[in-house]
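Engineer: My questions concern the predicted model and sequence given below.
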Amino acid sequence: MKALSTIALLVVSNIFMTLAWYGHLKLQQMKVISSWPLYAVIIFSWAIALAEYACQIPANRIGFVGNGGPFTLMQLKIIQEVITLVIFTLFTVVFFRGEALQWNHFAAFGCLVAAVWLVFLK
């Protein structure tokens, strides 16, 4: 159960992270915040990032083997990176339609999946 809770929190965290880091670019394209000064965009992104941290920190605490969870720090990080790539890819394909996935993107994703497999080897 801790593994599923950890992964679910990491997914939610990464959705907020992607919105904080890249959502403002889409809002700018849509002319929603195109007139905002940079400091306002930063504050807006930080507010979204607060929700990211509110999920990321508990995910790491619940999932960390030192707190009774199932994952080592390396495993947590690699899982988080793969989730980040999946969320970012979906975000890019859905919201930035001009961005095309290429063979090398899939190859990079395959390397990350291999990293997950490798980090779980004993």
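Structural biologist: On my side now, so go ahead.
Engineer: make it CA atoms for all contacts and neighbour counts henceforth
Structural biologist: Fine.
Engineer: would you list every one of the helices in the protein?
Structural biologist: In the chain, the segments counted as helices under DSSP state H are 2-18, 24-29, 38-63, 73-95, 103-119.
Engineer: got the buried residues for the second one?
Structural biologist: Across helix 24-29, burial judged by 16 or more other Cα atoms under 10 Å covers 24-26.
Engineer: if we can go back for a sec, is it possible to export the helices of the chain to a markdown table including mean pLDDT?
Structural biologist: Shown next, in a markdown table, are those (pLDDT from 0 to 100):
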| stretch | mean pLDDT |
| --- | --- |
| helix 2-18 | 97 |
| helix 24-29 | 89 |
| helix 38-63 | 95 |
| helix 73-95 | 91 |
| helix 103-119 | 88 |
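Engineer: hey, which of those is tucked in deepest?
Structural biologist: Most buried of the helices of the chain by mean neighbour count (mean count of other Cα atoms under 10 Å) is helix 2-18; its value is a mean of 21.
Engineer: of the buried residues of helix 24-29, closest to Ser5?
Structural biologist: Distance to Ser5, by Cα to Cα, is smallest for His24 among the buried residues of helix 24-29, at 28.6 Å.
Engineer: Can you give me the distance of the closest residue to Phe96 other than its chain neighbours to Gln102?
Structural biologist: Closest residue to Phe96 apart from its sequence neighbours, by Cα to Cα, 6 or more residues apart in numbering: Lys26 at 7.4 Å. As defined by Cα to Cα, to the nearest Å, Lys26 lies at a distance of 21 Å from Gln102.
Engineer: got it, and Leu112?
Structural biologist: Leu112 is 16 Å from Gln102, by Cα to Cα.
Engineer: Likewise for Leu38?
Structural biologist: For Leu38 relative to Gln102 (Cα to Cα), the value is 32 Å.
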